[in-house]
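>>> Everything below, folded, please.
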Amino acid sequence: MTESPTIRIRPLHEDDLDAMLTLARSAGPGFTNLPPDRGAIAERIARSTALLGGADIGGAIILGLEIGGQVRGCGMIFPRLGVDWPFYSYRISYTTQRSSIDGRMVRFPVLTLTNDLEDCAEVGGLMIDPALLRGGYGRMIARSRYLFMGCHRARFGKRVLADLRGWSDKGQSPFWDAVGGRFYAISFAEADHICGTTGNQFIADLGPRAPIHVNMLSEAAQQVIGSVHDDGRKALSLLLEEGFRDEGYVDIFDAGVTMVATIDDLRAIRELRHAMFAGAKDGNDVRDHLITRGDGAAFCCTPGSVDMAGGQAVTDRASAMTLGLSEGDGISYLAL
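A predicted model of the protein is given here:
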């Protein structure tokens, strides 16, 4: 009988650079958290390592999905937005006007540049090797981010957001063409590359500061405000299941929807459990939990089975070996 490959989710290190570059090249345009640029990815991994060491800098902690010793996916956690530069969003509000002559009333949406979400945490950068999309790995890496947050709760504030990739078609974004593109002599693809390698601060610095009346935009641009790229629909469903909600914020680059949640209200945080490892057992139990041990750079989790009795946990032998567990070790676990 062929053994299943070992699966672990752990922080990335510099040796993972080539695997991450390969992953980034499969993502396509608009995935600014993981640009297909070696220097940018190396810098992101270095920041992740520094953050795990306690540095007070911007950037993301990057968790890699390792299968059989090869990194095949990733997920990111930004502990605090607005550290290196202000974090901007557009907030959707509505204006109503009434004519004093004939009583006619009109109501239309307005986009206002805001820093409302500064100091929130952010989850993002969810990327899986396309060959693994139907294996449940997306859910696994997505929930591992909340598992990390729950095991390091003091590092995070009250709220968390997820900025979903907006709608585009063959490298063209109607929202960029109608808004950002009016202020820069560059294409959406060029702006996408700049956002991926240096951040979106240039858009906030040089873009429109006054409220944008949505009814003045093209019909195509209006239709995509708050929408989600086709590749992000599964991610959106996972966020909704976790307890995220649409509070009327969209990305200033492509108008993708920004989902927001209170960290302590997340389903994963509420369901997270801690126990003492009491031993492992043989068998082919369903591996329906994420089990973790270790803090910071030593954080590691793997799918496995958990049986509880009196505050002590018995796991399957494979997960215990992957995590290097010894009797008496503290573990945390979360249902998949």
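>>> rest of the way, CA atoms for contacts and neighbours
OK.
>>> For the residue of the chain most remote from its centre, give me the pLDDT.
For the chain, the residue at maximal distance from the C-alpha centroid (Cα atoms, centre = their mean) is I101, at 50.4 Å. Looking at I101, its pLDDT reads 77.
>>> and it, what element?
I101 belongs to no helix or strand when assigned by DSSP states H and E.
>>> Kindly report the same for A185.
Per DSSP H and E, there is no helix or strand for A185.
>>> Phi, psi for it please.
phi -90, psi 50 (degrees, to the nearest 10).
>>> For R107, see how far away the residue farthest from the centre of the chain is.
17 Å (Cα to Cα, to the nearest Å).
>>> ditto for D116
Distance from D116 to R107, by Cα to Cα: 24 Å.
>>> SS state for Y94?
strand (DSSP: H, G, I helix; E, B strand; the rest coil).
>>> And it, how close does it get to L117?
For Y94, the distance to L117 - Cα to Cα - is 19 Å.
>>> Between these two, which is the more surrounded one?
A direct count of neighbours by other Cα atoms under 10 Å for Y94 and L117 places L117 higher, at 21 against 11.
>>> Could I get the contacting residues of the more buried one?
81, 87-89 (Cα atoms under 8 Å, 6 or more residues apart in numbering).
>>> Tell me the pLDDT of the closest residue to A261 other than its chain neighbours.
Excluding its sequence neighbours, the residue lying closest to A261 (Cα to Cα, 6 or more residues apart in numbering) is F244, at 4.6 Å. At F244, the model reports a pLDDT of 96.
>>> Touching, F244 and M259? I think so.
Yes: using Cα atoms under 8 Å, F244 is in contact with M259, at 5.7 Å.
>>> overlap in contacts of the two?
L161.
>>> how much space between R47 and S326?
32 Å.
>>> Repeat that for G232.
According to Cα to Cα, G232 stands 39 Å off from S326.
>>> Quick one: the strands in the stretch 201-336 of the chain, in order.
212-213, 245-250, 257-262, 273-281, 289-293, 300-304, 306-309, 312-316, 330-335 (DSSP state E, counting those that start in this stretch).
>>> among those strands, which gets the worst mean confidence?
strand 306-309 (a mean of 85).
>>> quick one: strands adjacent to it?
Here strand 306-309 has these sheet partners by DSSP bridges: strand 312-316 (antiparallel).
>>> Now do the strand it pairs with and strand 330-335, the angle between them.
Here strand 312-316 points in a direction 70 degrees away from that of strand 330-335 (axes from the mean of the first three to the mean of the last three Cα atoms, to 10 degrees).
>>> centre of the chain versus strand 312-316, how much separation?
Computed by Cα atoms, centre = their mean, to the nearest Å, the chain-centroid distance of strand 312-316 equals 30 Å.
>>> which other residues reach that strand?
Residues contacting strand 312-316 (Cα under 8 Å, 6+ apart): 275-285, 304-308.
>>> Distance of N33 relative to D163?
Distance from N33 to D163, by Cα to Cα: 10 Å.
>>> any common contacting residues for those two?
By Cα under 8 Å, 6+ apart, the residues touching both N33 and D163 are G124.
>>> any weak-confidence spans in this structure?
For the chain, residues meeting the criterion pLDDT under 70 lie at 1-3, 28-31, 193, 195-204, 206, 283-285.
>>> Identify the bridge partners of the residue nearest to the spatial centre of it.
What sits nearest the mean C-alpha location of the chain, by Cα atoms, centre = their mean, is G124, with 1.4 Å. Beta-bridge pairing for G124 (DSSP bridges): M76.
>>> just checking, it touches P79?
No: between G124 and P79 there is no contact under Cα under 8 Å: 11.2 Å.
>>> Return every residue with contacts to both of the two.
With Cα under 8 Å, 6+ apart as the test, G124 and P79 reach no residue in common.
>>> give the contact list for G294.
Applying Cα under 8 Å, 6+ apart, the residues near G294 are C300.
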